[in-house]
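**Student:** Dropping a prediction and its sequence here:
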Amino acid sequence: MSQEESKIRAAEAALKFIEDDAIVGVGTGSTVNHLIDAIARKRLRIDAAVSSSEESTRRLEQHGINVTNLNSAGQLTVYIDGADESDRHLRLIKGGGGALTREKIIAAASRKFICIVDESKLVNVLGAFPLPLEVIPMARSYVARRMVALGGRPQWRADFITDNGNEILDVHNLDITDPVALEAEINQISGVVTVGLFARRAADVLLIGSDRGVQTLRRDDDA
């Protein structure tokens, strides 16, 4: 089974968490694209979607799915998104697609956060995938120096601007043994809009697609 087929399995497994007439938070990325396509194909009766990126908004609207904003929607029952990495405690690295700030806001505003991945994204320790930071443009070099002091190797994602008009630093060479503490520390650096660590607000459910089916991990089961 290909990686894309594993992503499709995980995306379709998330459909059972979507209630009729709900406003659904929808993330960004290749696995989420399969989710959006599945919502349309199955003709799920949702009221609207709150999208984390212009890319996802376009795909939702192409399928005729109403897109609303979070200010109008209020608290969401569920948010479904992918991840670049997840550990077994459902703490994530996100932001490979550059939508990490809006993703973090929607996750915070949702009662349940469902993360959909293929099995290659499950790791024992976060950090093999470079950690994205969305930064105010004038602060990019300053934030980069601070990340070097933390042991990282920051790389500017050149020719990329976020939907919020900011820039991305991808920080390599981090072994993230305490994701909650590192998330808090980086978020306190002046000029950082947000960091792509989703540890304080981890996923509630992780759906892992593979050739063996879909494995479900729940944060409530975390010993």
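**Tutor:** Perfect, thanks for sending it. Numbering: from 1, shown residues only.

**Student:** Give me the buried positions along the longest strand seen in the chain.
**Tutor:** Among the segments of the chain that qualify as a strand by DSSP state E, the longest is strand 110-118. Judged by neighbour count (16 or more other Cβ atoms under 10 Å), strand 110-118 contains these buried residues: 110, 113-118. Heads up, the C-betas are built off the backbone N, CA and C, glycines and all.

**Student:** again with stretch 73-90
**Tutor:** 73, 76, 78-87, 89-90.

**Student:** So what's the residue count around I161?
**Tutor:** Residue crowding around I161 was assessed by other Cβ atoms under 10 Å; the count is 12.

**Student:** Return the distance of A149 relative to V171.
**Tutor:** Here A149 is placed at a distance of 12 Å from V171 (Cβ to Cβ, to the nearest Å).

**Student:** tell me the average confidence for stretch 110-119?
**Tutor:** The average of the pLDDT scores along stretch 110-119 is 97.

**Student:** which other residues reach that stretch?
**Tutor:** Surrounding stretch 110-119, the residues in contact under the criterion Cβ atoms under 8 Å, 6 or more residues apart in numbering are 3, 6-7, 10-11, 13-14, 17, 25, 31-32, 35, 75-83, 86, 90, 92, 107, 201-210, 215.

**Student:** how about a cut-off of 7 Å?
**Tutor:** Stretch 110-119 is touched from outside by 3, 6-7, 10-11, 14, 17, 25, 31, 35, 75-83, 86, 90, 92, 107, 203-210, with contacts defined as Cβ atoms under 7 Å, 6 or more residues apart in numbering.

**Student:** same check, this time on stretch 156-165
**Tutor:** With Cβ under 7 Å, 6+ apart as the criterion, stretch 156-165 contacts 53-54, 98-99, 101-102, 134, 140, 167-170, 193.
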